[in-house]
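Chemist: model this:
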Amino acid sequence: MGLEVVEMVMEAEDRFGVSLPDAELEHVRTVADLSALIWSRLPRSSSVCPTMHEFFELRRQIATMTGLGRRNIRPGTRVDEVFPSRRRRAWKVLRKSNRRIPTLIASPRVDGVMLWVSGVSVFLFVLFFVASWVAFGATSLSFSISVLLIWIAALCIANARLSTHLPLGIETLDDLARAVAPVYTHNGCTSAGERLLAQVRILEETRALVAKELALPLERVRPESDFIMDLGCG
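Modeler: Purely as a prediction, here's the structure:
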């Protein structure tokens, strides 16, 4: 695999709670290879339910942050009811203790505005660059690039500050606990069929993670997809 998937591998390690050795990653060629490696590195399941454990940890943190009583923090409690305001700051505290918690996203309206601003910015930069080139020649190149980099950084900061919406699929604390719960191999599986179903689940989650990190449609990321030949990495 190429350097483009380094971030993806790190996300996979955080999501599944595993360590993927570089020596073994060098032999990974397809999405199925990566899924199989993740499966081989998963810890064995214990008697503790991982989702329940994550919920209890979330409840403890939320109770400390908000002052809510334990009885008011239930699996069905909506996240937007727990954090009706200053959600970005509270979410930052939660993610600091658990990197598996997904980041907040911008609303569709904010995304639309940022897309419009980005388009206008590109147009204005082209005009600025042409005018600077005509007036000052090649000496204006470094200045123009500096202005562009500063403006891109400003847009990124603005987008991060405006990202206050919950990730898709997360509405309740139960949804959040399930999203961050570590995955275990099922040493309690009593049949080959149960093991197969568990492995299929890991494969599907791996496909979704690869599609997200490489910004590709899920249907393009198939188990047999080669990271270099099919997905353009390398």
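Chemist: For the chain, which segments count as helices?
Modeler: Assigned by DSSP state H, the chain shows helices spanning 6-16, 22-25, 31-41, 50-66, 79-82, 87-97, 108-136, 141-162, 173-180, 192-213.
Chemist: Contacts for the last one, please.
Modeler: In this structure, residues lying in contact with helix 192-213 by C-beta atoms under 8 Å, 6 or more residues apart in numbering are 5, 7-8, 11-12, 15-16, 31-32, 34-35, 38-39, 42, 183, 185-186, 189, 216-218, 220-223, 231. Yep, even glycine has a C-beta here, placed from its N, CA and C like the rest.
Chemist: With the fourth one instead?
Modeler: Here helix 50-66 makes contact (C-beta under 8 Å, 6+ apart) with 68-70, 73, 75, 82-83, 90, 93-94, 97-98, 173-174, 176-178, 180-184.
Chemist: Quick check on residue 42: phi, psi?
Modeler: phi -70, psi 140 (degrees, to the nearest 10).
Chemist: The most centrally placed residue in the chain and residue 117, how far apart?
Modeler: Nearest residue to the geometric centre of the chain (C-alpha atoms, centre = their mean): residue 102, 5.5 Å. To residue 117, residue 102 is 25 Å away according to C-beta to C-beta, to the nearest Å.
Chemist: again, but for residue 218
Modeler: For residue 218, the distance to residue 117 (C-beta to C-beta) stands at 29 Å.
Chemist: Likewise for residue 158?
Modeler: Counting by C-beta to C-beta, the separation of residue 158 from residue 117 is 8 Å.
Chemist: Ok, residue 141 next?
Modeler: Look at residue 141 and residue 117: by C-beta to C-beta, they are 24 Å apart.
Chemist: helices and strands of the chain: which one bottoms out on pLDDT?
Modeler: helix 141-162 (a mean of 78; mean pLDDT, DSSP states H and E).
Chemist: what's it packed up against?
Modeler: helix 108-136 (3 or more C-beta pairs under 8 Å, 6 or more residues apart in numbering; DSSP states H and E).
Chemist: now the helix it packs on, how far from the chain's geometric center?
Modeler: Distance of helix 108-136 from the chain centroid (C-alpha atoms, centre = their mean, to the nearest Å) equals 28 Å.
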